[in-house]
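Visitor: Below is the structure, and that's it, no one-letter string:
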């Protein structure tokens, strides 16, 4: 590989996870980073980075520059750095919008190559402290198709594939439209739903009665608005279009309820169910599904260790693992994801002795 040095501007959840991935899988690459001094100190002490940068322009010394800061900062830094790239340099970003960056590139670029990317993964909490080398496992990493066939694009895609990501190419325009519907719209709906339910009557808080379904739908309602504000502004037209689509759906539901036409609402339920069932549940990002095994196991010490050790001894790779729910004193359900149906079959046989019921 031709990339010998990487500079990461922004060591938050994504930037920090990328740094940890490079350090783990490509230890020969020199990693430098720009962020707040305290964040850089932590990263350096943990040996995640090799060099602290005190100015974004210092990143121009590296072969690969990754901008992993919030959208508004990313746009500013991108515009500043692009004119100074040399012919062999790669600049990339991990922003949730792509068209504004490509617009800047076409207006300002002279040398180098720009690869727009967007990892479709994350956590409820951000920051370097929550960064994770496994964050990109089984996730979809969207690449802009602007320079799809260039060697540099293939080289970066190989890096991220080693981190466990699945690379998908989209145009910037289509990317921004898709994420408006599958990411930005759900965020706004989640916020609206929580605010709609935040009521009090006769001394009773409505939200106190919210159960699992409500919590699942509103998990992202507590997201940081400072992160979302520039995204909403930058992708405004697509987001408004998606909001008007859902507005039409709600208006139709109101109309059908008011007229007593529950048959039409039932058809909506059926249509929704069929569409939802087409979404693979066993990977981040809804593409290239893995194979799933659900295990209901006893609630006792050592169960998780037994599962992982047994798979290691059998040379079966667990691609992802999740504790779905647990009933104290009885048991819990683990959801295991594997590369193939053959691995699932082998794992089920091996783990049968600790399983209350295979699902």
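Guide: Thanks, I have the structure now. All figures in this text were calculated on a predicted structure; none of them were measured in a lab.
Visitor: Over to the nearest residue to residue 110 once chain neighbours are set aside. Which of the three states is it?
Guide: With Cβ to Cβ, 6 or more residues apart in numbering as the criterion, residue 110 has its nearest non-adjacent residue at 6.2 Å, and that residue is residue 83. From N, CA and C alone the C-beta is placed, and that goes for glycine too. Here residue 83 is helix, with the state taken from DSSP: H, G, I helix; E, B strand; the rest coil.
Visitor: So what's the residue count around residue 83?
Guide: 11 (other Cβ atoms under 10 Å).
Visitor: Likewise for residue 150?
Guide: Using other Cβ under 10 Å as the criterion, the residues surrounding residue 150 number 13.
Visitor: Kindly report the same for the one 5 residues further on.
Guide: Burial of residue 155 is recorded as 16 neighbouring residues (other Cβ under 10 Å).
Visitor: What's the per-residue pLDDT of it here?
Guide: The model reports residue 155 with a pLDDT of 91.
Visitor: For it, give its distance to residue 51.
Guide: 22 Å (Cβ to Cβ, to the nearest Å).
Visitor: what pLDDT does the residue nearest to residue 110 get?
Guide: 95.
Visitor: can you check the one 4 residues further on too?
Guide: pLDDT recorded at residue 87 is 91.
Visitor: Next, give phi and psi for it.
Guide: Taking degrees, to the nearest 10, you get phi -60, psi -30 for the backbone angles of residue 87.
Visitor: OK, contacts around it?
Guide: Neighbouring residues of residue 87 by Cβ atoms under 8 Å, 6 or more residues apart in numbering: 111, 112.
Visitor: Distance-wise, check it relative to residue 170.
Guide: Residue 87 is 26 Å from residue 170, by Cβ to Cβ.
Visitor: Kindly report the same for residue 53.
Guide: 31 Å.
Visitor: Could you do residue 344 as well?
Guide: 30 Å.
Visitor: Then residue 180?
Guide: In terms of Cβ to Cβ, residue 180 sits 13 Å off from residue 170.
Visitor: So for the two, which sits in the more crowded spot?
Guide: residue 180 (24 against 18).
Visitor: Assumed that one was part of a helix.
Guide: Yes - if the criterion is three-state DSSP, then residue 180 is within a helix.
Visitor: For residue 61, which residues are in contact?
Guide: So residue 61 contacts 5, 7, 32 (Cβ under 8 Å, 6+ apart).
Visitor: Dump those residues to TSV, plus pLDDT and distance to residue 226.
Guide: Output for these, formatted as TSV (pLDDT from 0 to 100; distance: Cβ to Cβ, whole Å):
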residue	pLDDT	distance to residue 226
5	97	31
7	98	24
32	98	26
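Visitor: In the stretch 251-359 of the chain, what residue spans correspond to strands?
Guide: Along the stretch 251-359 of the chain, counting by DSSP state E, counting those that start in this stretch, strands occupy 291-298, 318-327, 331-338, 355-358.
Visitor: just so I know, which of those strands lies nearest residue 222?
Guide: Closest of the strands of the stretch 251-359 of the chain to residue 222 is strand 318-327, at 20.7 Å (criterion: Cβ to Cβ).
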